[in-house]
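K.L.:
have a look at this fold, sequence not included:
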């Protein structure tokens, strides 16, 4: 069993409250997802985020494939962090932690995603050929979009790191 981890960090020159308000609103996920992915919330995104919330999406990970993705918000501390876990979807495991921390120049957003692909060795091959690059593009788009919406914190570098664990 091969487990992967993605760790992304981005700094924005906004208040913790402003960052939390935007990032914890399920409707804003569409704003920071590349348009070619056809992201659409089917249900569960009309209320402010809470622990136990089930959100259903339709997403097109590839031009020829559309899939339903169901996540649950399993942990939440207002203004600090939340965790979404896949209940149904394209991954064998998807556990995504979102942290917001105040800095002298605004906020640091940190995402840690632990994930596993289905199909054993084929999934591992698929990861190195396609999935890793696709996740890099998604997070690059997200960084660009958030910088466009909120600006960039001076002298603070964003980062994206993958590990096999």
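P.N.:
Done, it's in. Values in this document were obtained by computation on a predicted structure and should not be read as measured data.
K.L.:
mind listing residues that contact the lengthiest strand in the chain?
P.N.:
Of all the elements of type strand in the chain, the one with the most residues (DSSP state E) is strand 65-77. Contact partners of strand 65-77, identified using CB atoms under 8 Å, 6 or more residues apart in numbering, comprise 24, 38, 42, 49-61, 81-90, 94, 96. No exception for glycine: its C-beta is placed from N, CA and C like everyone else's.
K.L.:
the longest helix seen in the chain packs against which elements?
P.N.:
In the chain, with assignment by DSSP state H, the single longest helix is helix 132-150. Helix 132-150 makes packing contacts with strand 4-12, helix 16-23, strand 159-164 when contacts are defined by 3 or more CB pairs under 8 Å, 6 or more residues apart in numbering; DSSP states H and E.
K.L.:
kindly recompute the last result at 7 Å.
P.N.:
Judged by 3 or more CB pairs under 7 Å, 6 or more residues apart in numbering; DSSP states H and E, helix 132-150 is in contact with strand 4-12, strand 159-164.
K.L.:
pick the most buried one from those.
P.N.:
Each of the helices and strands packed on helix 132-150 was assessed for mean neighbour count using mean count of other CB atoms under 10 Å. The highest is strand 4-12, with a mean of 20.
K.L.:
and that one, how far out from the chain middle?
P.N.:
The chain centroid and the centroid of strand 4-12 are separated by 9 Å under CA atoms, centre = their mean, to the nearest Å.
K.L.:
what residue, apart from its backbone neighbours, is nearest residue 159 spatially?
P.N.:
On the basis of CB to CB, 6 or more residues apart in numbering, the spatially nearest residue to residue 159 that is not a chain neighbour turns out to be residue 9, at 4.8 Å.
K.L.:
in this structure the one you found contacts residue 157, no?
P.N.:
No. Taking CB atoms under 7 Å as the definition, residue 9 is not a contact partner of residue 157, at 8.3 Å.
K.L.:
model confidence score at residue 118, please.
P.N.:
Note on residue 118: pLDDT of 95.
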